[in-house]
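Peer 1: Quick one, what's the 3D model for this:
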Amino acid sequence: MPSRPDDVRQSLGLPDFVDPVDVGEASLAASQTWGDERPATARGLSTGDPAAGVSRPFGSAGHESRFAGDDSGDGDNASARPGRAGRRRQGRGGSSSGFGQSSFGTSSFGASSSGVGARSGANRKAKKQLTWAEKAERREKRAAARREAEAAEREKDPIGYAREIVLTQLTAMPRSRSQLADKLREKEVSEDVIDVVLDRMEDIGLVDDEAYAAMLVRSKLASRGLARRALRQELKRKGIDDDVATVALEQVDDDVEREQALVLARKKMVTMSRLDEPTQTRRLAGLLARKGYSGELVWSVIRQVQEEAS
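Peer 2: Numbering: from 1, shown residues only. Below you'll find the model as predicted:
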């Protein structure tokens, strides 16, 4: 006679909230879906099986062999059925079971997975390259649109356009008239408009080459220790006229220049205390010459700092 549900639950080790009948129905449905090559005696559940001629209750040894695989059940059937784990391995490896013939495919499942990974990597690389191309294209479009807007504004109000450029440049830092004119030429402003705008800026005191040259001389002398020759080259590079530069350099006389050279040489001697005298002389001469000092002043300063160090 059929076993009681409590006995079946205890024999299978099921918790109290699991119904053995549900487990049996799920197992039967899985067997019908995946296929089952076992003898009819192993498929009998809680009712008699006419094919087997034996009544096997649910939870008996024949039914437990469905879950135990090769290590349980009848001795004759142990070698015939591969067990649940075995069927899974066979199905994935290309056996005739239903799982092996499912939509995942047999050996093509692994190949398709690797193919998907390769394609996704290629797609990411292509997307990245496309993104950079799109960014470059957007930058070119923005630059073209900005040039078109500037051209339209320049044609509409050329003096106002040039005035805005000059004010923007002077807001960042002081500049000479020559530097501002070069910037306006870069923006394709005509020479007539440049002269009108810069003359107006000089009238109101926003552009003053003399004040700019004097400020530049003081700044470069204090920060870099440049001599008058190097300062004159710096002013010329900024677009200052020679007459204006001569006036600005009057604030640097011989005494100021010598004192600045001594400051540079003494600072350099601190880092050369362990070197011999010829090496010190060579390095000091190179330093002062690069700053624009004359040869006579250089050798005089070197002798003085070497005497002070000894």
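Peer 1: Please make it C-alpha for all contacts and neighbour counts, starting now.
Peer 2: Fine.
Peer 1: Okay, and residue 164 sits in which element?
Peer 2: Using DSSP states H and E, residue 164 maps to helix 158-172.
Peer 1: same question, residue 144
Peer 2: helix 108-156.
Peer 1: who's in contact with stretch 200-217?
Peer 2: With CA atoms under 8 Å, 6 or more residues apart in numbering as the test, stretch 200-217 has contacts from 170, 174-177, 198, 231, 235, 240, 244-245, 247-249.
Peer 1: Measure how buried residue 203 is and give me the count.
Peer 2: By other CA atoms under 10 Å, 11 other residues sit near residue 203.
Peer 1: mind checking pLDDT for it?
Peer 2: For residue 203, the pLDDT comes out at 93.
Peer 1: how much space between it and residue 275?
Peer 2: To residue 275, residue 203 is 57 Å away according to CA to CA, to the nearest Å.
Peer 1: about what we covered before: point out the other helices and strands that the helix holding residue 164 packs with.
Peer 2: helix 108-156, helix 177-186, helix 191-203 (3 or more CA pairs under 8 Å, 6 or more residues apart in numbering; DSSP states H and E).
Peer 1: who touches that helix?
Peer 2: Identification of contacts with helix 158-172 by CA under 8 Å, 6+ apart yields 153-154, 175, 180, 184, 189, 193-194, 196-197, 206.
Peer 1: repeat that with 7 Å
Peer 2: By CA atoms under 7 Å, 6 or more residues apart in numbering, the surrounding residues in contact with helix 158-172 are 153-154, 180, 184, 193, 197.
Peer 1: Could you check the angle that helix makes with helix 191-203?
Peer 2: Put simply, helix 158-172 runs at 50 degrees to helix 191-203, going by axes from the mean of the first three to the mean of the last three CA atoms, to 10 degrees.
Peer 1: Average pLDDT for helix 158-172, rounded please.
Peer 2: 92.
Peer 1: now the angle between helix 177-186 and it, please.
Peer 2: Going by the same axes, to 10 degrees, helix 158-172 makes 130 degrees with helix 177-186.
Peer 1: Could you pull out the buried residues of helix 158-172?
Peer 2: Neighbour-count burial for helix 158-172, with 16 or more other CA atoms under 10 Å as criterion, is recorded at 158-159, 161-163, 166.
Peer 1: Using TSV, lay out those residues together with distance to residue 262.
Peer 2: Supplementary listing: the buried residues of helix 158-172 in TSV, determined by distance: CA to CA, whole Å:
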residue	distance to residue 262
158	52
159	50
161	49
162	46
163	46
166	41
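Peer 1: rewinding a little: quick one: which of the contacts of stretch 200-217 is nearest residue 270?
Peer 2: Residue 270 has its nearest neighbour among the contacts of stretch 200-217 in residue 231, at 26.2 Å by CA to CA.
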